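*Asks:* The following block contains a protein sequence and its predicted model.
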Amino acid sequence: MITLTDNWIIVEKDDCTAVGLKSILIKQQPSKTVRLKNGKKVRTKPKVFKYYTESEDGNIYIPIGLLFFIEDDIKVTVIKDERVKIDFIPHIQDIDELKHILPGIELREEQAIAIRKAVAIRRGILQLPTGSGKTEILCGIVKELEYIFGKVPTTIILEPTINLVNSTVKRFQKYGLTATSYTKTREIRENSVNICHPSSLGNDIDKNPDLLKGVTVLLGDESHHFNSEQFRKPTYNMPNLILSIGVSASVILQEHIGFRDIRDYDIKEVLAFSATGPLLMNVVTSDMIDSNRLATPALFRMKHNADEEIPNNDSSNWHNVEKIRLESDSRNELIVKCSQFFVKNDRKVLILVNTIRWSRLLLTKFSEFGMESVVGASYGSGKFEKFLNQNFINDDNILNDFETGKIKVLIGTTHLYEGADIHNLDVIILGFGGNGERTQIQGVGRALRRTKNGKYAYIVDFTDDFDSVLKKHSANRLNRYQQIFGIPSERIFDRIQVEDLETCFNILENNE
C-alpha cells in the first residue's frame, strides 16, 4: 500500500511498486577527474543520489512534491490518501478582476494567471524572469488565500539573503498584509506571513522539531535554492502543509521544459520539485522583452584576449585561470574603461564578479582612473566597501547611494545575482561570465527592469579569444543571449573595443 500525506509518499516495503520506484528515483553521477588547488589531479568516486529516504522498517519516503512524476507508476497499487482535503474555491473568478487583488497596482496578466495556478494546484514552481514582479505574485497568493479562508494562513516565505528578507517584509506590508522577519522575531506568528532566511530557521528547528507544526503555506522565493539541504530542511518539518509554491527565474533549464520523466532532469531540478511540485508556469525572458514588459537589451561583446601566461603551462588548472586570466590587469582595465564610458553618459553600472579579492582589485583600478568616489562594492552578509585614500573602508550606505545615484558603479559578488532588488540600473558588466545558464539568467536579469535612464539595458560581456575554455563559455553565453533573451543581430555589437563604444552607443540611442 502507498499512503499520501501532506509531506510524503510512503511506500510500504512489500508493495509491488517499491523496487520500480527506487530505480527511477536514483541518480548516478559517474566519477570524473578534477584538479585540486595545488594542481594535483584526482579521480572522484562515483556518487549515487537518492530522491527518497528509507526507514528502519524498510518503507520508503518520497517527498510529495514528486508525486506528479511517479503518478503513472503507482496506479497499479492501493493508495490511501491522507492529505488535507480543502476545496480552493477562487474568491475572484475573472482573471481581469484578479489583476486588482493588491491595492494600488494592476497586475499583469501572467502575474494574475500565476496566482490562479498556484492557489488552484497548490504545489509547483512558477518560473518567470527577473523583473517580472515575483514578489507581487507571492503577495497576491497570500491575499487570495486570505479571501478564501477569511484570514491569512500561517505562512513561511524562504528568502536566500537577509536583504531579500527585509525588502520582502516591506513589500508585503505595503499591500496591507501582516508580515514579519523571523530572523528578528525568532517566532512563528500564527495567521501571519513569517519571512525567513533558512539558516536561522534551520537552527531553531533542531532545537524545536514542532516549530513549524502550525504552518500551512510555504512560499520559496528564488526557489532554485531548494536544491540545497538548508532550504529543503523546513519542508520536512511541516506536517500540515497544504500549499507549497516556489518562484524563480532559473529553476529549470529551458532545454528541459516539458519533460515528464524524472530521470531527464538534473539533480538540482528534481530537488526543487521535491520541495514544491512540478513546473506550473514558464515565461521566457524574450517574450517579456517583446511585449515591452521588460527592458530591451543590447549586447556589447568586448574583444578580449585572455592570453596571460599560466605558470607551468597549466592552463587546465581552473584556479590558476581564474586568478590570472579572469582577474587580470587587462580585463580589469577593460571593465573600468567600459564603466567610465557609461558613467559619462549618465548610466548606472553593476559589475558582477565572483570573489571579494577580485572586487578589491577592481576598486583599486577605479582609483587609478580617479573614479573612487563614485564606486562601491557589496559582498553579502551586510558588508559594503569603498576604496578611498588607498584604504578599503566599510560603508553601509553603498546600496542606498547607488539607488539615489550618488554612486554610479556597484561591484557585486555572487549574492547580487539575486540578493537585492536593484532599481534604475542601466548597465550590467558580466566580469565573471561563467558557463551556467542559471547564473547568466540571474545576472542579466538584474538589468532588465524597465526603470532606467535610456532606451536600452546594456549588457557588457567578453570574447576571451585565446583561452579555449573561456572562449567556449563566451560562445555559450552568446547563444543564450540570442535564444533565451531574444537579442537580434542588430543589437549585438560583437568583438568591439573601447574606442568603438561611443559609435555603437549613438547608433542605439539615435544621438547622431
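*Replies:* Now that the structure is in, tell me what you want to look at. None of the values given here were measured: they were computed from a predicted structure. Numbering: from 1, shown residues only.

*Asks:* Which stretches in the stretch 101-250 of the chain count as strands?
*Replies:* Taking DSSP state E, counting those that start in this stretch to define them, one finds strands in the stretch 101-250 of the chain at 123-127, 155-158, 179-181, 193-196, 217-221, 243-248.

*Asks:* Over to the stretch 251-400 of the chain?
*Replies:* 279-282, 296-302, 349-352, 375-380, 383-388, 391-394.

*Asks:* okay if I get the ones you listed as TSV plus distance to residue 77, mean pLDDT and mean neighbour count?
*Replies:* For the C-beta atoms, the positions are set from N, CA and C on the backbone; glycine is no exception. Formatted as TSV, the strands of the stretch 251-400 of the chain follow (distance: least, Cβ to Cβ, whole Å; pLDDT from 0 to 100; neighbours: other Cβ atoms under 10 Å):
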stretch	distance to residue 77	mean pLDDT	mean neighbour count
strand 279-282	26	96	19
strand 296-302	51	97	22
strand 349-352	50	95	25
strand 375-380	48	90	24
strand 383-388	54	93	18
strand 391-394	61	95	11
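
*Asks:* Same list (these) but as JSON lines, adding distance to residue 191.
*Replies:* Listed next are those as JSON lines, based on distance: least, Cβ to Cβ, whole Å:
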{"stretch": "strand 279-282", "distance to residue 191": "26"}
{"stretch": "strand 296-302", "distance to residue 191": "43"}
{"stretch": "strand 349-352", "distance to residue 191": "39"}
{"stretch": "strand 375-380", "distance to residue 191": "33"}
{"stretch": "strand 383-388", "distance to residue 191": "36"}
{"stretch": "strand 391-394", "distance to residue 191": "40"}
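
*Asks:* if we compare these, which one ends up closest to residue 119?
*Replies:* strand 279-282 (10.8 Å; Cβ to Cβ).

*Asks:* Between the strands of the stretch 101-250 of the chain, which one is closest to residue 138.
*Replies:* strand 217-221 (5.2 Å).

*Asks:* Pull up the pairing partners for the closest one, direction included.
*Replies:* strand 155-158 (parallel), strand 243-248 (parallel) (DSSP bridges).

*Asks:* So which residue is dead centre in the chain?
*Replies:* The residue lying closest to the centre of the chain (Cα atoms, centre = their mean) is residue 222, at 4.5 Å.

*Asks:* Let me see the contact set for it.
*Replies:* Residue 222 makes contact with 159-160, 164, 247-248, 418 under the criterion Cβ atoms under 8 Å, 6 or more residues apart in numbering.

*Asks:* So for the residues you listed, which is the shakiest by pLDDT?
*Replies:* Of all the contacts of residue 222, residue 418 carries the smallest pLDDT score, 61.

*Asks:* give me the number of residues near residue 264?
*Replies:* For residue 264, the number of neighbouring residues by other Cβ atoms under 10 Å comes to 13.

*Asks:* That one contacts residue 256, correct?
*Replies:* Yes: using Cβ atoms under 8 Å, residue 264 makes contact with residue 256 at a distance of 6.6 Å.

*Asks:* quick one, what contacts the closest residue to residue 246 other than its chain neighbours?
*Replies:* Among residues not flanking residue 246 along the chain, residue 223 sits closest, at 2.7 Å (Cβ to Cβ, 6 or more residues apart in numbering). Residue 223 makes contacts with 125, 246-248, 251, 272, 275-276, as judged by Cβ under 8 Å, 6+ apart.

*Asks:* Distance check, the residue nearest to residue 86 when sequence neighbours are not counted against residue 148.
*Replies:* Leaving aside its sequence neighbours, residue 86 sits nearest to residue 242 (Cβ to Cβ, 6+ apart; 6.0 Å). Distance of residue 242 to residue 148, given as Cβ to Cβ, to the nearest Å: 11 Å.

*Asks:* more neighbours, these two?
*Replies:* residue 242 (19 against 16).

*Asks:* Can you give me the distance of that one to residue 155?
*Replies:* Residue 242 is 11 Å from residue 155, by Cβ to Cβ.

*Asks:* just for the stretch 251-400 of the chain, where's the confidence low?
*Replies:* Residues of the stretch 251-400 of the chain meeting the criterion pLDDT under 70: 313-318.

*Asks:* how about the helices of it, start to end?
*Replies:* 267-275, 285-290, 318-321, 329-344, 356-368, 398-404 (DSSP state H, counting those that start in this stretch).

*Asks:* Remind me what the helix or strand that the last one is followed by packs against, helices and strands.
*Replies:* Spelled out, that is helix 398-404. Moving toward the C-terminus from helix 398-404, the next helix or strand (DSSP states H and E) is strand 409-412. Helices and strands touching strand 409-412, by 3 or more Cβ pairs under 8 Å, 6 or more residues apart in numbering; DSSP states H and E, are strand 349-352, helix 356-368, strand 375-380, helix 398-404.

*Asks:* Next, format the contacts of residue 223 as a markdown table and append distance to residue 216 and neighbour count.
*Replies:* Shown next, in a markdown table, are the contacts of residue 223 (distance: Cβ to Cβ, whole Å; neighbours: other Cβ atoms under 10 Å):
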| residue | distance to residue 216 | neighbour count |
| --- | --- | --- |
| 125 | 19 | 28 |
| 246 | 16 | 30 |
| 247 | 18 | 25 |
| 248 | 22 | 25 |
| 251 | 23 | 26 |
| 272 | 21 | 27 |
| 275 | 16 | 28 |
| 276 | 15 | 29 |
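
*Asks:* out of those, who's nearest residue 81?
*Replies:* residue 276 (19.3 Å).

*Asks:* ok now do that closest one, which residues does it touch?
*Replies:* Per Cβ under 8 Å, 6+ apart, neighbours of residue 276: 65, 123-125, 218, 220, 223, 226, 244-246.

*Asks:* again, but for residue 270
*Replies:* Counting by Cβ under 8 Å, 6+ apart, residue 270 has contacts 27, 51, 66, 262.

*Asks:* farthest-separated two in these?
*Replies:* Greatest spatial distance among the contacts of residue 270 (Cβ to Cβ): 27 and 66, at 12.5 Å.

*Asks:* Find the residues that touch each one of those two.
*Replies:* In contact with both residue 27 and residue 66: 51, 270, using Cβ under 8 Å, 6+ apart.

*Asks:* who has more neighbours, these two?
*Replies:* Each of residue 27 and residue 66 has its neighbours counted (other Cβ under 10 Å); residue 66 has more, 23 against 16.

*Asks:* Skip the chain neighbours and tell me the closest residue to that one.
*Replies:* residue 274 (5.3 Å).

*Asks:* okay, now that neighbour: neighbour count?
*Replies:* The local packing of residue 274 (other Cβ under 10 Å) involves 22 other residues.

*Asks:* Quick check: it touching residue 63?
*Replies:* Yes: look at residue 274 against residue 63 with Cβ under 8 Å: they come within range, at 3.7 Å.
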